[in-house]
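K.L.:
structural data only, the sequence is not supplied:
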C-alpha cells in the first residue's frame, strides 16, 4: 500500500519543480487533497467547498496541481495493481509512458507531464514497484 505521507512528500517535490507558481497553493492544501484522495473522496469538490482556494484568482491554476496529484496517484495504483495481477514487470520506459498517459488523462499539460516524468521518474517508479 502506498504511504500517504511519502506520497505527499514526493508530490511536494514534483510541484515545486514543475509547477513552482503553485507551490504556495500546494503547501496550503496538498496534504488535505492527498488525504481526500486516499479516503476516496473528491479532491476538487472538498477543497473548493472548504474555501481553501479563495486566494487564487484563476481556479484552473489550482487544477494543475490537483490534476497532477490525481493522475500520479491513480497511475501508481492502477499500474501497481496490473503488475500484481500479471505477475510481471514492464520496462521502465513502458511504465513511465503509462504514468505519463495517466497524467495527460487528468488534464496535466504535456510539457508538465514530460518534465515530471523526466525529473521524478525514478521516485515515482519506486512507488509503483514497492506497491506492485
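P.N.:
Thanks, I have the structure now. Predicted model, so just to flag it, every value in this text is computed and none were measured. Residues are numbered from 1 along each chain as shown.

K.L.:
so the closest residue to residue 110 other than its chain neighbours is in which element?
P.N.:
Of all residues not flanking residue 110 in the chain, residue 104 sits nearest, at 6.5 Å (Cβ to Cβ, 6 or more residues apart in numbering). The way it works is simple: take the backbone N, C-alpha and C, and place the C-beta from them, glycine included. Applying DSSP states H and E as the criterion places residue 104 in helix 92-105.

K.L.:
ditto for residue 80
P.N.:
Element membership for residue 80, per DSSP H and E: helix 59-86.

K.L.:
same check, this time on residue 117
P.N.:
Taking DSSP H and E as the criterion, residue 117 maps to helix 110-131.

K.L.:
residues contacting that helix, please?
P.N.:
For helix 110-131, contacts defined as Cβ atoms under 8 Å, 6 or more residues apart in numbering pick out 1-2, 6-7, 10, 13-14, 17-19, 64, 68, 71-72, 75-77, 79-80, 83, 89, 92, 95-96, 99-100, 103-104, 108.

K.L.:
what do you get if the cut-off is 7 Å, keeping everything else the same?
P.N.:
Applying Cβ atoms under 7 Å, 6 or more residues apart in numbering, the contact partners of helix 110-131 are 1-2, 10, 13-14, 17-19, 68, 72, 76, 79-80, 92, 95-96, 99-100, 103-104.

K.L.:
write the ChimeraX selection for whichever of the residues you listed are buried.
P.N.:
Buried subset of the contacts of helix 110-131, written as a ChimeraX selection, criterion 16 or more other Cβ atoms under 10 Å:
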select :2,10,14,18,19,68,72,76,79,80,95,96,99,100,103,104
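
K.L.:
give the contact list for the residue lying closest to residue 75 once chain neighbours are set aside.
P.N.:
Spatial nearest neighbour of residue 75, excluding adjacent residues (Cβ to Cβ, 6+ apart): residue 102 at 3.3 Å. Applying Cβ under 7 Å, 6+ apart to residue 102 gives the contacts 71, 74, 75.
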